[in-house]
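kindly return the folded structure for what I paste below:
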Amino acid sequence: MKDYCRKILSLFVRHNYSEQTNQLFYTWLIDSEHEIEKDEALRELYLEARKKGKTPDLEKSLERWRQNNNTVSTHSQNVFNKIPFVKLWQSAAVVLLIVSISLGYLLHKVEKNESDLVQQFMPTTQMKTFILSDGSQVQMNSRSILLYPTQFTGKDRSVFLIGEANFKIKPNKKKPFIVKTNDFQVTALGTEFNVSAYAEEENVFTTLIKGSVLVKFDNLTKQVLLHPNEQLVYNKESRQDTLTYPNLEEVTAWQRGELVFRQKTIADIITILERKYDYKFIYSLHSLKNDRYSFRFKDNAPLSEVMDVIVDVAGDLYFNIQNDKCYIMHK
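Prediction:
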């Protein structure tokens, strides 16, 4: 997750974006989810920039911010070693200072021609379908981020994904379409495929629906050519890959508002429900068993209906929905 945060922060500080995109970025940045990872990524970028002598203005501004907010002063060189960045993110003034952290710095994997990047962010419960400048269609699932250039001017058509999206690619043999995520990329000429690369999940899934795609992984040292109805599952922790033959109706169920769980633990199910429903789930992870279950819910079923079925099958759980919170408890 830290690598994801680092890439997004790096991409953001390099370019000027529209006010709408800026607001999406700030919303993502100050969200409580993955605070530790974002904190570490921001700290690393700061330390790298500091080695290059690019942070005096940032340190002075931070010191002024601390004084204005009645915060005990610390010597500038130790400021970022003693205060969690995440505590400072709540200040809009400090968020704006990110631009000064590593100006001109970007990971070498990002092409120079990607100078006008746009960020699409799908909040919880929302999905969106849109057309890229090359005519390719993208359908994004909730809690997903897609970074892409306004125009594909380089030798390929590269986008960066965190989350899940379905791609219907406009054929162009001279300019392959590449979906990048951490330690993983999918290359296509003209095809339809689904990529699921949520940061909180240990597996990345690529499912080919039509055409063919070349999947590279494990620091791009390994590759597999997929054929229709094949799915490559790559574990980011073990770096192991598995070729499977899934039910395509289940893979694309999210596009139709359906929920499909195939051999998932309750904890896995809750993680997916948190993307689908605008509720905060309150539960004790230690109280959940590792038993695996399979469910299918159609037509944007209400959360209460979904939870009724899940707790009934699990047998040892019950739930209570209050306002925007769903409490899951052990009997």
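
please count neighbours and contacts with C-alpha atoms only from this point.
OK.

state the three-state secondary structure for residue 275.
Under DSSP: H, G, I helix; E, B strand; the rest coil, residue 275 falls in the helix class.

tell me the confidence at it?
On pLDDT, residue 275 comes in at 89.

now do the contacts for it.
Taking CA atoms under 8 Å, 6 or more residues apart in numbering, we find residue 275 in contact with 124, 125, 142, 143.

neighbours of the first one, how many?
As a burial measure, residue 124 scores 17 neighbours (other CA atoms under 10 Å).

where do the helices sit along the protein?
With DSSP state H, the ranges of helices along the chain come out as 2-14, 19-30, 35-51, 56-68, 79-82, 85-88, 92-96, 98-101, 248-251, 266-276, 303-314.

end-to-end on stretch 127-142?
5 Å (CA to CA, to the nearest Å).

then stretch 244-252?
Across stretch 244-252, the terminal residues are separated by 15 Å (CA to CA).

which positions in it come out as buried?
Of the residues in stretch 244-252, those with enough neighbours to count as buried (16 or more other CA atoms under 10 Å) are 248, 251, 252.

re earlier: tell me which of the contacts of residue 275 fall in strands.
Residues of these located in strands (DSSP state E): none.

and those, which are buried?
Among these, those classed as buried by 16+ other CA under 10 Å are 124, 125, 142, 143.

neighbours of the closest residue to residue 117 other than its chain neighbours, how many?
Spatially, and ignoring its direct neighbours in sequence, residue 117 is nearest to residue 149 (4.1 Å; CA to CA, 6 or more residues apart in numbering). For residue 149, the count of nearby residues is 19 (other CA under 10 Å).

list the buried residues for stretch 294-303?
Neighbour-count burial for stretch 294-303 flags residue 297 (criterion: 16+ other CA under 10 Å).

how about residues contacting it?
Here stretch 294-303 makes contact (CA under 8 Å, 6+ apart) with 256, 257, 258, 259, 260, 261, 262, 263, 264, 277, 306.

same deal with stretch 258-272?
Identification of contacts with stretch 258-272 by CA under 8 Å, 6+ apart yields 250, 253-254, 281, 285, 288-301.

where does the prediction get shaky in the stretch 101-250 of the chain?
101-116 (pLDDT under 70).

all strands for it, in order.
For the stretch 101-250 of the chain, the strands defined by DSSP state E, counting those that start in this stretch cover 117-122, 128-131, 137-140, 144-149, 157-168, 177-181, 184-188, 192-197, 203-210, 213-217, 222-226, 231-235, 241-244.

quick one: strands adjacent to the second one?
Listed by DSSP bridges, the sheet partners of strand 128-131 and their directions read strand 137-140 (antiparallel).

returning to that earlier point: how near is the residue nearest to residue 117 to residue 177?
12 Å.

I figured residue 212 hits residue 206, correct?
No - applying CA atoms under 8 Å as the test, residue 212 and residue 206 come out as separate, 11.5 Å apart.

state the distance from residue 205 to residue 235.
Distance from residue 205 to residue 235, by CA to CA: 9 Å.

what about these two, which has more around it?
Shown here are residue 205 and residue 235; by other CA under 10 Å, residue 205 has more neighbours (20 against 17).

so what's the closest residue to residue 157 other than its chain neighbours up against?
Spatially, and ignoring its direct neighbours in sequence, residue 157 is nearest to residue 177 (4.5 Å; CA to CA, 6+ apart). Each residue near residue 177 by CA under 8 Å, 6+ apart is listed here: 156, 157, 158, 169, 187, 188, 189.

number of residues surrounding the residue nearest to the first one when sequence neighbours are not counted?
Read it as residue 156. Leaving out its chain neighbours, the residue that sits closest to residue 156 by CA to CA, 6+ apart is residue 175, at 4.6 Å. Neighbour count of residue 175, defined by other CA under 10 Å: 16.

surely residue 237 meets residue 202?
Yes - if you go by CA under 8 Å, residue 237 and residue 202 touch, sitting 6.5 Å apart.

comparing the two, which residue is more hemmed in?
Between residue 237 and residue 202, counting by other CA under 10 Å, residue 202 is the more crowded of the two (13 against 8).

for residue 258, see how far away residue 245 is.
Distance, residue 245 to residue 258, by CA to CA: 20 Å.

could you measure from residue 232 over to residue 201?
Distance, residue 232 to residue 201, using CA to CA: 15 Å.

quick one, which of those two is more surrounded?
residue 232 (22 against 14).

beta partners of the more buried one?
For residue 232, the beta-bridge partners under DSSP bridges are residue 206, residue 243.

ok, residue 187 next?
Going by DSSP bridges, residue 187 forms beta bridges with residue 178, residue 214.
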